[in-house]
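Student: Have a look; sequence and predicted model below, questions after that.
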Amino acid sequence: MPRQDYVASIDQGTTSSRCIVFDRDGSIISVAQREHRQIYPKPGWVEHDAEEIWQAVSGVLDEAIGGAGIDSGQIAALGITNQRETAVLWDRATGRPVCPAIVWQDTRTDALVRSLAAHEQLFRDRTGLPLSTYFSGPKVRWLLDGTPGLRERAERGEVLFGTVDSWLIWKLTGRHVTDVTNASRTLMMNIHTLDWDDELLDVLAVPRAMLPQIRPSSEVYGRTAAGIPVAAALGDQQAALFGQACFAPGEVKSTYGSGSFLLMNTGREPIASKHGLLTTVGYQIGDTPAVYALEGAIAVTGSLVQWLRDNLGLISTAAEIETLARTVDDNGGCYFVPAFSGLFAPHWRSDARGVIAGLTAFVNKGHIARAVLEATAFQTREVVDAMNADAGLALTSLRADGGMTADHLLMQTLADVLAVSVVRPMVAETTALGAAYAAGLAIGYWPDTDTLRANWHKAAEWQPRIGPEVREREYRNWKKAVARTLDWVEN
């Protein structure tokens, strides 16, 4: 029997699927990645082919193990992390999707969600979430209402629902389960009981018979055909929280990609947000109590840099934003609020649209580039202020990951705007690492979270360099610019 020296992680994202093999130190041994199609049948509709995703995941799993020069017998456990709110429906008997998967960005359920507005407080109290097209419960209802015969089959348990983790666990092991973090993003799970809520299911008209069993984030769900234990599932942002070793209340990670997501560990009691954040399950290890988190979602951060490149042509590569921004010493009085399709946390204003404020003849493209980077920092500050107010805690440092952390000027700007240290970890793939960690814990590959915390090493750190007067003046100006974005869309 070969030594089981490695843990593998499947990171199934919105645009691609990856498999990464890690060793005991949390170091990457091999990576494989495949993209899948984005399907846009109508304006506002976004779909994936769940079978195509499965084929990609199956392929990258084999490629990553082969690329590491090992065989499947040397993989001690497999963890899964995934795009969270995407809804998949499949046939129990054939294991084939019965319709396209509806992706988290899809807004076709807008009218349905508005029709449920009288139940808003019930959903907030039970799920920690606002009623929104973002979450998967309304997507399931839309499919059941609009597809002849589907509801009857679902009520008989012939058609199954799952978020992407459930779909992959089913294909890998034959078991119909999900974990608490993914279930907490459906608008159907009660975050206090960690079970499906019959009253919410009645409001949404979703049959319980089609739902997966809710399990902890870290436990063995089953084994693959090759005998590898599938031992963890975590929604992508919760996996990043785990991979950043944010195991203590008050610890915060922020993932900077096209948009950005901040999560704060709030301990074993859910905190109902009064400041525009989501209350969600952070993780649950085996039969220990669940750990909760506050989450702030920012719609536009890295995608603003792409917009500057693709729509305005001010830069030819995303990396050039830092070089251009460094041609000036400050923003020249210019502030950019990228409310391209409204504002997410903590405002939740769909009527907002983007503005560039404070323009004078002095402003040049360097100032605009700096304002673009500062937009990410100021939006982060808004979410951090909301988290501090909700949790009664003061952020002491920010653990940052994601593609934008390669921009050193942005990292320094974050430290300046937040007045705390900003730390980037040695392993940037924190989402995949978090799923690997949770899987390894489930089978004893790592003994405890203290061992995982000891594995965490910082690659770089930035300290604040500006004084409080400058910091508060700039933030005050930013908030004036935000006020200019509101009430733009009248209908």
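Tutor: That came through fine.

Student: Asp25 and Leu312: what is the separation?
Tutor: Applying CB to CB, to the nearest Å, the value for Asp25 to Leu312 is 43 Å. Quick note: C-beta positions are derived from backbone N, CA and C, even for glycine.

Student: any chance you could map the strands in the stretch 251-400 of the chain?
Tutor: 252-256, 260-267, 278-283, 291-298, 335-337, 355-357, 397-401 (DSSP state E, counting those that start in this stretch).

Student: Let's have these in JSON lines, adding mean pLDDT, mean neighbour count and distance to Thr186.
Tutor: Shown next, in JSON lines, are the strands of the stretch 251-400 of the chain (pLDDT from 0 to 100; neighbours: other CB atoms under 10 Å; distance: least, CB to CB, whole Å):
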{"stretch": "strand 252-256", "mean pLDDT": "93", "mean neighbour count": "27", "distance to Thr186": "21"}
{"stretch": "strand 260-267", "mean pLDDT": "93", "mean neighbour count": "25", "distance to Thr186": "18"}
{"stretch": "strand 278-283", "mean pLDDT": "95", "mean neighbour count": "26", "distance to Thr186": "11"}
{"stretch": "strand 291-298", "mean pLDDT": "94", "mean neighbour count": "25", "distance to Thr186": "15"}
{"stretch": "strand 335-337", "mean pLDDT": "97", "mean neighbour count": "25", "distance to Thr186": "31"}
{"stretch": "strand 355-357", "mean pLDDT": "97", "mean neighbour count": "18", "distance to Thr186": "35"}
{"stretch": "strand 397-401", "mean pLDDT": "93", "mean neighbour count": "22", "distance to Thr186": "26"}
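
Student: With distance to Ala428 as new columns, can those strands be given to me in TSV?
Tutor: Output for these, formatted as TSV (distance: least, CB to CB, whole Å):
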stretch	distance to Ala428
strand 252-256	10
strand 260-267	15
strand 278-283	20
strand 291-298	19
strand 335-337	26
strand 355-357	31
strand 397-401	6
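
Student: Of these, which is nearest Thr163?
Tutor: Closest of those to Thr163 is strand 278-283, at 13.0 Å (criterion: CB to CB).

Student: for this protein, which helix is longest?
Tutor: In the chain, assigned by DSSP state H, the helix with the most residues is helix 365-391.

Student: pLDDT on it, on average?
Tutor: In this model, helix 365-391 carries a mean pLDDT of 96.

Student: Check stretch 11-25 too.
Tutor: What stretch 11-25 shows for mean pLDDT is 92.

Student: Do I have it right that His119 meets Val203?
Tutor: Yes - in this structure, His119 is within contact of Val203 by CB atoms under 8 Å, at 5.2 Å.

Student: For the closest residue to Gln33 other than its chain neighbours, list the residues it contacts.
Tutor: Nearest in space to Gln33, with sequence neighbours left out and distances taken as CB to CB, 6 or more residues apart in numbering, is Arg18 at 4.4 Å. Shown in contact with Arg18 (CB atoms under 8 Å, 6 or more residues apart in numbering): Ile10, Asp11, Val31, Ala32, Gln33, Val60, Ala432.

Student: mind putting the residues you listed in CSV, neighbour count, secondary structure and distance to Thr376 included?
Tutor: Formatted as CSV, the contacts of Arg18 follow (neighbours: other CB atoms under 10 Å; DSSP: H, G, I helix; E, B strand; the rest coil; distance: CB to CB, whole Å):
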residue, neighbour count, secondary structure, distance to Thr376
Ile10, 30, strand, 29
Asp11, 27, strand, 23
Val31, 17, strand, 26
Ala32, 20, strand, 30
Gln33, 16, strand, 25
Val60, 24, helix, 30
Ala432, 29, helix, 23
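
Student: And the pLDDT for Pro2?
Tutor: If you check Pro2, the pLDDT there is 46.

Student: nearest to Phe123, of the contacts of Arg18?
Tutor: Asp11 (29.2 Å).

Student: Can you check the pLDDT for Leu414?
Tutor: The predicted local confidence for Leu414 is 97.

Student: Return the set of buried residues in the host helix or strand of it.
Tutor: Using DSSP states H and E, Leu414 sits in helix 408-418. For helix 408-418, a neighbour-count test (16 or more other CB atoms under 10 Å) marks Leu409, Leu410, Met411, Gln412, Thr413, Leu414, Ala415, Asp416, Val417, Leu418 as buried.

Student: Kindly reformat these as TSV and extend each row with distance to Phe261.
Tutor: Converted to TSV, the buried residues of helix 408-418 look like this (distance: CB to CB, whole Å):
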residue	distance to Phe261
Leu409	21
Leu410	16
Met411	17
Gln412	21
Thr413	19
Leu414	15
Ala415	19
Asp416	21
Val417	18
Leu418	16
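
Student: So which bits of the longest helix of the chain are buried?
Tutor: Applying a neighbour-count criterion of 16+ other CB under 10 Å, one finds 366-388, 390-391 buried in helix 365-391.

Student: same for it, what does it pack against?
Tutor: The contact analysis (3 or more CB pairs under 8 Å, 6 or more residues apart in numbering; DSSP states H and E) places helix 365-391 against strand 252-256, strand 260-267, strand 291-298, helix 302-310, helix 320-325, strand 335-337, helix 408-418, helix 468-485.

Student: who touches the residue of the chain most remote from its centre in this structure?
Tutor: In the chain, Ala361 marks the outermost C-alpha relative to the chain mean, sitting 39.9 Å out by CA atoms, centre = their mean. Neighbouring residues of Ala361 by CB under 8 Å, 6+ apart: there are none.

Student: so how far is Thr109 from it?
Tutor: 46 Å.

Student: before we move on, the earlier item: show me what the helix or strand that the helix holding Leu414 is followed by pairs with in its sheet, parallel or antiparallel.
Tutor: Downstream of helix 408-418, the first helix or strand assigned by DSSP H and E is strand 421-425. Sheet partners assigned to strand 421-425 using DSSP bridges are listed as strand 397-401 (parallel), strand 458-462 (antiparallel).

Student: Distance to Gln237 added to the ones you listed, as CSV?
Tutor: Output for the strands paired with strand 421-425, formatted as CSV (distance: least, CB to CB, whole Å):
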stretch, distance to Gln237
strand 397-401, 11
strand 458-462, 21
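
Student: so how far is Ala77 from the residue nearest to the spatial centre of the chain?
Tutor: In the chain, the residue lying closest to the centroid (CA atoms, centre = their mean) is Gln237, at 3.5 Å. Counting by CB to CB, the gap from Gln237 to Ala77 is 22 Å.

Student: mind showing which ranges of the protein have poor pLDDT?
Tutor: Along the chain, the model assigns pLDDT under 70 to residues 1-4, 491.

Student: swap the cut-off to 80 and go again
Tutor: The chain contains residues with pLDDT under 80 at 1-4, 43-44, 341, 350, 428, 490-491.

Student: quick revisit: so which of the strands of the stretch 251-400 of the chain is nearest Val482?
Tutor: strand 335-337 (5.4 Å).
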